[in-house]
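J.: coordinates only, sequence not included:
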């Protein structure tokens, strides 16, 4: 379970990390500016209160991100990863530097300095409350896969020796069908994409390649295999060839496999000097 959760976290962060985090940060600033904790409502005008909570939440959000990633990796190594544990542990840790930030801002904006262990402990407990919200938002992908995406579950099926060819298709959960589009290696797991969604298999990439060698597809990267029928168009991104698939995925092509793909007539023309620029993605595309 913990590896599936870690995978979902990495996937969502990789897809639209800036938009997701920026929206959460903006919402947190708006709510706290409106509520005005730490007596900021009564003592600060709206512009000052907005600056106070913008600075406070921006810095604390960075702490939340750093601790969130660290907590995910730490718990994953221990094999006891749960979202509740990440939120609770991450909040407790991130609130330590977060308390220092709030203390400094209160001293600057409100000319008030909390002193003594009791006062600092009280401030720390209040900052933990803020970080419970921050860490929950930062690590929400741990508990919920991207909306609109099929939920990915880990299948603990192991390679079935002695079955030739497309025996691999029998490993795919029935709900995904057998129209295999794309394989992507993820650590010790294999991300399997069909036209109905995706899932994870506990299987080595090289073992999967042996089982699908009679399917119409090719390895295009050290960690990617693509079915020929899945190819929508070919393009360039940052000077490198990429494959745009029918399910919306973009798969890199490594130089190691370029010659073989040209021999198979996957990459046409042999020279990409004639590709035109796609203004939306910034990539040069060749529509097949």
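T.: Noted; the coordinates are in hand. Because the structure is a prediction, the values reported are computed rather than measured.
J.: Against which helices or strands is the host helix or strand of residue 29 packed?
T.: Using DSSP states H and E, residue 29 maps to helix 17-35. If contacts are counted by 3 or more Cβ pairs under 8 Å, 6 or more residues apart in numbering; DSSP states H and E, helix 17-35 sits against helix 46-78, helix 116-138. No exception for glycine: its C-beta is placed from N, CA and C like everyone else's.
J.: Give the rounded mean pLDDT of the shortest one.
T.: Spelled out, it's helix 116-138. What helix 116-138 shows for mean pLDDT is 83.
J.: now swap in the first one and tell me
T.: When pLDDT is averaged along helix 46-78, the result is 81.
J.: Can you list the helices and strands that it packs against?
T.: Under the contact criterion of 3+ Cβ pairs under 8 Å, 6+ apart, helix 46-78 touches helix 2-15, helix 17-35, helix 40-43, helix 83-110, helix 116-138.
J.: Sticking with the residue lying closest to residue 193 once chain neighbours are set aside, tell me its helix or strand.
T.: The spatial neighbour of residue 193 that comes closest, neighbours along the chain excluded (Cβ to Cβ, 6 or more residues apart in numbering), is residue 182 at 4.1 Å. Residue 182 belongs to strand 180-186 when elements are defined using DSSP H and E.
J.: Whichever helix or strand comes after that strand pairs with which strands, parallel or anti?
T.: Counting by DSSP H and E, the next helix or strand C-terminal to strand 180-186 is strand 189-194. Sheet pairing for strand 189-194, assigned by DSSP bridges, gives strand 180-186 (antiparallel), strand 197-202 (antiparallel).
J.: Of all these, which one is nearest residue 242?
T.: Taking Cβ to Cβ, strand 180-186 is the member of these nearest to residue 242, at 12.8 Å.
J.: Check the offset of the closest one from the chain's centre.
T.: Strand 180-186 has its C-alpha centroid displaced from the chain centroid by 17 Å (Cα atoms, centre = their mean, to the nearest Å).
J.: For residue 33, give its distance to residue 57.
T.: 9 Å (Cβ to Cβ, to the nearest Å).
J.: And for residue 105?
T.: Residue 105 is 11 Å from residue 57, by Cβ to Cβ.
J.: Please identify which of these two sits among more neighbours.
T.: Neighbour count, other Cβ atoms under 10 Å: between residue 105 and residue 57, residue 57 has more, with 25 against 18.
J.: Next, the contact list for that one, please.
T.: Contacts for residue 57 were tallied using Cβ atoms under 8 Å, 6 or more residues apart in numbering; they are 25, 28, 29, 32, 134.
J.: Apply 10 Å and report the result again.
T.: Neighbouring residues of residue 57 by Cβ atoms under 10 Å, 6 or more residues apart in numbering: 24-33, 64, 98, 101, 130, 134.
J.: ok, and the closest non-adjacent residue to residue 231?
T.: Spatially, and ignoring its direct neighbours in sequence, residue 231 is nearest to residue 243 (5.8 Å; Cβ to Cβ, 6+ apart).
J.: So the one you found: helix, strand or coil?
T.: Assigned by DSSP: H, G, I helix; E, B strand; the rest coil, the conformation of residue 243 is strand.
J.: For the stretch 151-288 of the chain, which segments count as strands?
T.: Secondary structure of the stretch 151-288 of the chain (DSSP state E, counting those that start in this stretch): strands located at 154-155, 180-186, 189-194, 197-202, 217-221, 224-227, 231-237, 240-245, 250-252, 276-277, 284-287.
J.: Make a markdown table from those strands and add mean pLDDT to it.
T.: What follows is the strands of the stretch 151-288 of the chain, written out as a markdown table (pLDDT from 0 to 100):
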| stretch | mean pLDDT |
| --- | --- |
| strand 154-155 | 38 |
| strand 180-186 | 92 |
| strand 189-194 | 91 |
| strand 197-202 | 88 |
| strand 217-221 | 92 |
| strand 224-227 | 94 |
| strand 231-237 | 88 |
| strand 240-245 | 91 |
| strand 250-252 | 93 |
| strand 276-277 | 41 |
| strand 284-287 | 38 |
